[in-house]
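Peer 1: what's the 3D shape of this:
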Amino acid sequence: MMMSVAVNQEEGDEEAAARGENPSRTCKLPAGGVVLLVLVGLLAAAVITYKLSFDKIRTNQTIQTLKEENEALRKNISDERCVKKRPEWEKYRGSLYYFSTNKSSWNDSRRSCADLGSDLVKIDSREEQMFLEIRVRDLMENDREKFWIGLTDSVEEGKWFWVDGSPLNKSLSFWLPWEPDDMKAENPAGEDCGGMGKKGGADDLICWYDQFCDLHRRSICEKPTNLSTTELHFFSKSNYYHPL
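Peer 2: Now for the predicted structure:
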């Protein structure tokens, strides 16, 4: 019997050799092992897919960040070129100022500022008043060379407002001791527009005055530095002043 089994084994090996198989290496993988291999393959594919998706998202975020940084850089360069091309605009803190040497009425001065994408200056701090007072005194040829600022009481006498509609803070005002006096000797309409300037310098920055709005004076325009070079900026307008 054993000899018969051995003969059958030898015949089986010879048949396997004839088919090109190596009898010593032939084995059968259990079904559970096949399933495990499939699951491992699927898991590996899922990990690779997740990594690729994550890398794509991170790449898109990096590209968006680079675009934003590039846009900010382009804007800064554009603004700097604008200031360099227009040296008459002077920067102080968050604003640009234009000291106009053209003489015109208060309303016409506002129109001229609007044509430049700005408005008559609004003074928000003692430091800003100091900057303007020093610049104005240097530009004045004589004590009559005043400059219009964005201040008026044209709606109701004695109630002063800035060009953006905000009321004048009395604790942050720089009127000359006798101003505002609304003098009507030269014009019955009175003096409803504010200006500044004192040749030779002002004591404690006191150099504001009120005058007849149709007098021809120089003016100071102001606009924020964060405007694009092509944007035309108009400050918010209320009906407290005469419209442009």
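Peer 1: From here on, just use CA atoms for contacts and neighbour counts.
Peer 2: Will do.
Peer 1: next helix or strand past the lengthiest helix in the chain?
Peer 2: If you go by DSSP state H, the chain has its longest helix at helix 31-85. Note on helix 31-85: by DSSP states H and E, the next helix or strand toward the C-terminus is strand 89-92.
Peer 1: How is this protein divided into domains?
Peer 2: Split into domains by automatic domain parsing, the chain comes to 46-85, 89-224.
Peer 1: Lowest average pLDDT across these?
Peer 2: For these, mean pLDDT drops lowest on domain 46-85, to a mean of 70.
Peer 1: Tell me which helix or strand S100 sits in.
Peer 2: strand 95-104.
Peer 1: Any buried residues in that strand, and which?
Peer 2: By 16 or more other Cα atoms under 10 Å, the buried positions in strand 95-104 come out as 95-100, 103-104.
Peer 1: out of those residues, who's nearest T65?
Peer 2: Of all the buried residues of strand 95-104, T65 sits closest to S95, with 27.9 Å by Cα to Cα.
Peer 1: beta partners of the closest one?
Peer 2: According to DSSP bridges, Y92, P224 are recorded as the beta-bridge partners of S95.
Peer 1: so who does it touch?
Peer 2: Counting by Cα atoms under 8 Å, 6 or more residues apart in numbering, S95 touches 222-225.
Peer 1: Quickly note the distance from it to V35.
Peer 2: In this view, S95 and V35 are 72 Å apart by Cα to Cα, to the nearest Å.
Peer 1: circling back: let's have the contacts of S95 in JSON lines, adding neighbour count and distance to G150.
Peer 2: Output for the contacts of S95, formatted as JSON lines (neighbours: other Cα atoms under 10 Å; distance: Cα to Cα, whole Å):
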{"residue": "E222", "neighbour count": "25", "distance to G150": "9"}
{"residue": "K223", "neighbour count": "26", "distance to G150": "12"}
{"residue": "P224", "neighbour count": "16", "distance to G150": "15"}
{"residue": "T225", "neighbour count": "18", "distance to G150": "18"}
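Peer 1: on that earlier part again, measure how far the following helix or strand past the strand holding S100 is from the centre of its chain, please.
Peer 2: Once strand 95-104 ends, the next helix or strand along the chain (criterion: DSSP H and E) is helix 106-115. Relative to its parent chain, helix 106-115 has a centroid offset of 25 Å by Cα atoms, centre = their mean, to the nearest Å.
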